[in-house]
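[1] just to be clear, the model below is a prediction. Sequence and coordinates:
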Amino acid sequence: MKVVKFGGSSLASGEQVEKVYNIVVSDPKRKVVVVSAPGKRHGDDIKVTDLLISCAEGYLKNGEAPELVATVVERYASIARELSLSNEIIEKIEADLLELLAGDKSKPERYLDAVKASGEDNNAKLVAAYFNHQGVEAHYVNPKDAGLLVSNEPGNAQVLPESYDKLYELRNRPGIVIFPGFFGYTKDGEVLTFSRSGSDITGSILANGIKAELYENFTDVDAVYSVNPTIVEDPKEISELTYREMRELSYAGFSVFHDEALIPAFRAGIPVNIKNTNNPSAPGTRIVNERDNNNGPVVGIASDGGFCSIYVSKYLMNREIGFGRKILQILEDDNITYEHIPSGIDDVTIILRQGQMSADVEEKIISRIKAELNADEVIVEHDLALIMVVGEGMRHNVGTTAKAAKSLADAGVNIEMINQGSSEVSMMFGVKEVDEKRAVKALYEEFFARVMV
Ligand SMILES: Nc1ncnc2c1ncn2[C@@H]1O[C@H](COP(=O)(O)OP(=O)(O)O)[C@@H](O)[C@H]1O
Ligand SMILES: N[C@@H](CC(=O)OP(=O)(O)O)C(=O)O
């Protein structure tokens, strides 16, 4: 049995839903189909999830958002028209959405999650209706009914391990299971979503739950490329990646697959195949436990902006017991997570996502580090980008760091910091955000373009 997930771009229009149908029925092993909400039909379109967020915000602020509601309903209606489905299902979607929007707003974060989740929920109902219309037995299955339980973290929920045994029973459902991605239910029965792009996570959870032989993730590109295709034109496709490589790359900016989506599949040893809905015969990228390391040390280069660093120096820091713990406690007190901590004898740098720290919080943290740790110097640097060079082969190759550093120097990019992951599968370079694209292009040129000629 296989679990197949289709992203928002694969379900953005009636034409796309038809492709999804053809892909699913072409392989009888495709038992569980996870769907996202309708995504972008073209570059400047708006995803249904984003429209729903605006709807919820409108209701929270003004008690209504009639134009936005109409736009959401029209997205489903246009798909239904293209597929010659009756208007009954659209009337039901509209009535349910209006009821949801009029619901309890006393906990805005939870209200927002319930509204966001309706994007996938209604799309799963619509897709199931189309399969039935085509004469194929398919059933919409609600995550509560299937036993998909999540932690109590609005907008950032995680699956509860006890879900898996119950999810196994999905194997015995009749026909094809059409399952909405992106959300689950708390033990109290509330709808909460995963983080954005979280339908990938649902697919992986279900693959683990039903012990699928394969988790196919259909999107709008032929493969995972060795670098973001919006930065480098026509980059090299990756045919095979390890779970670890993909997780590092996803977390560092390869938005094609959610970084948290690898864990459930990895734990059950289920391979993941990323494929293109618009070109399903292309082999795509396989994510597996082990691969042959015969393609050079580096498999991919990812990047992401929006980071800052807190540099702390203090003479004889190395002798002070508990220094690191105390700094991290100060961050923890403000609920701040960090990404990396490169350190030296007398100094340490903490790299974090700058969006988590308002100007007030930043000021408070700096003065606490100065006062409570008696630091000689505390400097915060903003607008950094992190570039992650990833490859299992780096462990066995000498000189990869030197090559990377030289290519950045040749491109005139100043390296703010370097951190080699302790797993030796990744190497991180911190650069100024303005240099991000130039740096990625230089590294791509060094590790891919040159070896290909
Ligand atoms: N390294 C990469 N390889 C492939 N696609 C990438 C990469 N980095 C970023 N992307 C982007 O990810 C997009 C697919 O992800 P997403 O928009 O979330 O799709 P979906 O709608 O299927 O969930 C691609 O269109 C591409 O622009
Ligand atoms: N629709 C949700 C969840 C999701 O996974 O979407 P997509 O498959 O289009 O990335 C979002 O936009 O976050």
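    Sure thing, it's come through. Ligands and ions are numbered 1, 2, ... in the order given.
[2] what about the closest residue in space to G175 that isn't next to it in sequence, how many neighbours?
    Computed as C-beta to C-beta, 6 or more residues apart in numbering, the closest residue to G175 that is not its neighbour in sequence is E137, at 3.2 Å. For the C-beta atoms, the positions are set from N, CA and C on the backbone; glycine is no exception. E137 has 10 neighbours, counted by other C-beta atoms under 10 Å.
[3] was I right about E137 contacting R173?
    No: if you go by C-beta atoms under 8 Å, E137 and R173 don't touch, sitting 10.0 Å apart.
[4] contacts only, for the residue in the chain that ligand 1 sits nearest to.
    Going by C-beta to the nearest ligand atom, ligand 1 is nearest to G7 of the chain, at 2.0 Å. Residues near G7 by C-beta atoms under 8 Å, 6 or more residues apart in numbering: S36, G39, S199, D200, N217, F218, T219, D220.
[5] just the residues you listed that are near ligand 2?
    With C-beta under 6 Å from any ligand atom as the criterion, the contacts of G7 include S36, G39, S199, D200 near ligand 2.
[6] count of residues packed around the residue lying closest to P283 once chain neighbours are set aside?
    Spatial nearest neighbour of P283, chain neighbours left out: S239 (6.9 Å); criterion: C-beta to C-beta, 6+ apart. The number of residues packed near S239 is 13, by other C-beta under 10 Å.
[7] quick check: S239 touching D222?
    No: judged on C-beta under 8 Å, S239 makes no contact with D222 at a distance of 10.8 Å.
[8] buried sites along stretch 318-328?
    F323, I327 (16 or more other C-beta atoms under 10 Å).
[9] what's the end-to-end length of that stretch?
    Separation of the first and last residues of stretch 318-328 by C-alpha to C-alpha, to the nearest Å is 16 Å.
[10] off-centre distance for it?
    Relative to its chain's centre, stretch 318-328 lies at 33 Å (C-alpha atoms, centre = their mean, to the nearest Å).
[11] just give the closest residue to the closest residue to ligand 2 within the stretch 351-453 of the chain, not the sequence neighbours.
    The stretch 351-453 of the chain approaches ligand 2 most closely through G355 (16.9 Å), counting by C-beta to the nearest ligand atom. Leaving aside its sequence neighbours, G355 sits nearest to G306 (C-beta to C-beta, 6+ apart; 6.0 Å).
[12] helix, strand, or coil at the closest residue to P229 other than its chain neighbours?
    Distance criterion C-beta to C-beta, 6+ apart; nearest residue to P229, sequence neighbours excluded, is P235 at 5.7 Å. What DSSP: H, G, I helix; E, B strand; the rest coil gives for P235 is coil.
[13] ok, P235 - how many residues close by?
    19.
[14] and it, how far from T219?
    To T219, P235 is 16 Å away according to C-beta to C-beta, to the nearest Å.
[15] go on, H396?
    According to C-beta to C-beta, H396 and T219 sit 32 Å apart.
[16] who's more crowded, those two?
    Between H396 and T219, counting by other C-beta under 10 Å, T219 is the more crowded of the two (24 against 10).
[17] hmm, Q420 is touching T400, no?
    No: at 9.5 Å, Q420 and T400 do not qualify as touching, with contact defined as C-beta under 8 Å.
[18] what is in contact with the two at once?
    Residues touching both Q420 and T400 by C-beta under 8 Å, 6+ apart: M427.
[19] got a pLDDT number for the residue of the stretch 151-300 of the chain found nearest ligand 2?
    With C-beta to the nearest ligand atom, the shortest gap between the stretch 151-300 of the chain and ligand 2 falls at S199, namely 3.2 Å. In this model, S199 is scored at 98, pLDDT.
[20] number of residues surrounding it?
    Using other C-beta under 10 Å, S199 has 30 neighbouring residues.
[21] list the contacts of it.
    Counting by C-beta under 8 Å, 6+ apart, S199 has contacts K5, G7, G8, V34, V35, S36, E120, G181, F182.
[22] in PyMOL, how would I select the buried members of the residues you listed?
    Listed next is the PyMOL selection for buried residues among those, using 16+ other C-beta under 10 Å:
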select buried, resi 5+7+8+34+35+36+120+181+182
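[23] the contacts of S199 into TSV, with extra columns for pLDDT, distance to K211 and secondary structure?
    Shown next, in TSV, are the contacts of S199 (pLDDT from 0 to 100; distance: C-beta to C-beta, whole Å; DSSP: H, G, I helix; E, B strand; the rest coil):
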residue	pLDDT	distance to K211	secondary structure
K5	98	17	strand
G7	98	24	coil
G8	98	27	helix
V34	98	16	strand
V35	98	21	strand
S36	98	23	coil
E120	98	23	helix
G181	98	19	coil
F182	98	22	coil
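[24] the contacts of S199: which two are farthest apart?
    Farthest apart among the contacts of S199 by C-beta to C-beta are G8 and V34. That separation is 11.9 Å.
[25] after the strand or helix carrying K364, which helix or strand is next?
    K364 is part of helix 359-373 when elements are defined by DSSP states H and E. Per DSSP H and E, the first helix or strand lying C-terminal to helix 359-373 is strand 377-390.
[26] and that next one, what does it pack against?
    Packing partners of strand 377-390 (3 or more C-beta pairs under 8 Å, 6 or more residues apart in numbering; DSSP states H and E): helix 243-251, strand 300-313, helix 359-373, strand 426-432, helix 436-444.
[27] please redo it, this time with the cut-off set to 6 Å
    helix 243-251, strand 300-313, helix 359-373, strand 426-432 (3 or more C-beta pairs under 6 Å, 6 or more residues apart in numbering; DSSP states H and E).
[28] quick check: buried residues in that strand?
    V378, V380, E381, L384, A385, L386, I387, M388, V389, V390.
[29] now the phi/psi pair for the residue positioned nearest the centre of the chain, please.
    Centroid-nearest residue in the chain, with C-alpha atoms, centre = their mean: H258, separated by 2.7 Å. The phi/psi pair for H258 (degrees, to the nearest 10) reads phi -70, psi 130.
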